[in-house]
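Participant: I'll drop the sequence and a predicted model, then ask my questions.
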Amino acid sequence: AQSVAQPEDQVNVAEGNPLTVKCTYSVSGNPYLFWYVQYPNRGLQFLLKYITGDNLVKGSYGFEAEFNKSQTSFHLKKPSALVSDSALYFCAVRDMAGRRALTFGSGTRLQVQP
Amino acid sequence: DSGVTQTPKHLITATGQRVTLRCSPRSGDLSVYWYQQSLDQGLQFLIQYYNGEERAKGNILERFSAQQFPDLHSELNLSSLELGDSALYFCASSVVGQGNTGELFFGEGSRLTVL
C-alpha cells in the first residue's frame, strides 16, 4: 500500500525567510509525487509534481520540491516566503502499478508572519 | 478555476436523510474521483470512475454510492446520513491515457453538514 507522511501539523516562518514543508512517502516501485495547496474554503490547487528526471522540481508561485530517493522524501521549499503563502499544503503519492487515485498526507498548515 | 464544477456548494440536512452531490469534470477528462475531507480523517479517497465504469474503490461506506453518466458527469449519493458524515466532499478529474502524468484537478467541494 502507498502512504505519505507529513510530520509537521504546522510550520511557522517569517515573511522573506526560506520555508520547507516536509513529506516522506512509501510506495512500491517508482513514485509519482505531488504537492497541492488549499486556501480556506477552496479546493486543492496543484503546485508541482515529480515524475522522473531532475530531482529538483519547480512549480507554481515560486515553489520547488526536492526528490530524494534514498530518504524517500519530497520536501516542498520556497526561497522567500510571502504572507499570501499561508495555507494548508498536502503532499500526495500515486502508485504507478495500480489505481490512479492519489493518496494524500495529513496536511501541513503554513503560517507566514509579516 | 480548475474547470471542475461541483454542486451544491453547501448542504445542511438531518440524520437519516439522503443527499446527492454532483460533479462535472474538466472538458475532455474521462476520469472522476471522489474524496472526503474531514478534520479527523484528512483527505480520504472514496471512489474513481473512468468513462462510466467504476475503476477503483477506496474507503467508501456501503451507505454511499456513485455513478458516472454518459456525459461524464458524476453523482455521489450519501444515504442514511450520520453526524460523522459531515465533511467537505471533493470531486477531481484527470486526463487518462497517453500523456497522463497523474495530477488531479479538484473542484471547490460540497460542504455537507448533518444535524
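Facilitator: Everything's here; your move.
Participant: in a helix, that's where residue B:84 is, yeah?
Facilitator: Yes: per DSSP: H, G, I helix; E, B strand; the rest coil, residue B:84 lies within a helix segment.
Participant: and the residue nearest the centre of chain B?
Facilitator: When CA atoms, centre = their mean is applied to chain B, the residue found nearest the centroid is residue B:34 (2.9 Å).
Participant: that one contacts residue B:46, doesn't it?
Facilitator: Yes: Residue B:34 is within contact range of residue B:46, at 4.2 Å (criterion: CB atoms under 8 Å). All C-beta atoms are positioned from the backbone trio N, CA, C, and that covers glycine.
Participant: mind listing the shared neighbours of the two?
Facilitator: B:60, B:66, B:76 (CB atoms under 8 Å, 6 or more residues apart in numbering or on different chains).
Participant: for the closest residue to the first one other than its chain neighbours, phi and psi?
Facilitator: The reference is to residue B:60. In this structure, residue B:60 finds its nearest non-sequential neighbour in residue B:46, 4.4 Å apart by CB to CB, 6 or more residues apart in numbering or on different chains. Residue B:46 adopts backbone torsions of phi -100, psi -60, taken as degrees, to the nearest 10.
Participant: okay, residue B:46: pLDDT?
Facilitator: pLDDT, residue B:46: 95.
Participant: relative to residue B:76, how far out is it?
Facilitator: 7 Å (CB to CB, to the nearest Å).
Participant: next one: residue B:6
Facilitator: Taken as CB to CB, the span from residue B:6 to residue B:76 is 10 Å.
Participant: can you pull the residues that touch both of these two?
Facilitator: B:21, B:23, B:89, B:91.
Participant: which strand or helix spans the third one?
Facilitator: Using DSSP states H and E, residue B:89 maps to strand B:87-94.
Participant: contacts only, for the nearest residue to residue B:112 once chain neighbours are set aside.
Facilitator: Leaving aside its sequence neighbours, residue B:112 sits nearest to residue B:11 (CB to CB, 6+ apart; 5.1 Å). Residue B:11 is in contact with B:19, B:21, B:110, B:111, B:112, B:113, counting by CB under 8 Å, 6+ apart.
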